[in-house]
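Colleague: quick one: sequence and predicted model below, then my questions.
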Amino acid sequence: TCPTHGRAPVTVVLWMPGAHRLLTGSLHGLFALWSGFNFSYETAQQAHDSALRAAAWSRDGRWLVSGDHGGALKYWSPALNNVKAIDAHAG
């Protein structure tokens, strides 16, 4: 549940690098950030156009990759800036 964007089932839960914040992803394609200290809501952003299905950090914590139900893969910086998007179902 994201206070500013309504309710949607959570499909992804990850600790951010440094383990001070928690990242959730939803069926609405939304990333939400939560405090890792008291689990209070911080902010949200629209990450994908369809349901988030998976996300994982690189071993060094420098990149996040996420995938959605429509086949889009996106690479993100630790600040959650979208660096690249790929249509995994194309070609």
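Modeller: Received it, and whenever you're ready, just let me know what you need. Numbering: from 1, shown residues only.

Colleague: the helix or strand where Arg53 lies pairs with which strands, and in what direction?
Modeller: Following DSSP states H and E, one finds Arg53 within strand 52-57. Its sheet considered, strand 52-57 pairs with strand 64-68 (antiparallel) by DSSP bridges.

Colleague: how far is the strand holding Arg53 from where the chain is centred?
Modeller: From the chain centre to the centre of strand 52-57 is a distance of 7 Å (CA atoms, centre = their mean, to the nearest Å).

Colleague: buried stuff in that strand?
Modeller: For strand 52-57, a neighbour-count test (16 or more other CB atoms under 10 Å) marks 52-53, 55, 57 as buried. C-betas here are computed from N, CA, C, even on glycine.

Colleague: just flag the most distant two among those.
Modeller: Arg53 and Trp57 (16.1 Å; CB to CB).
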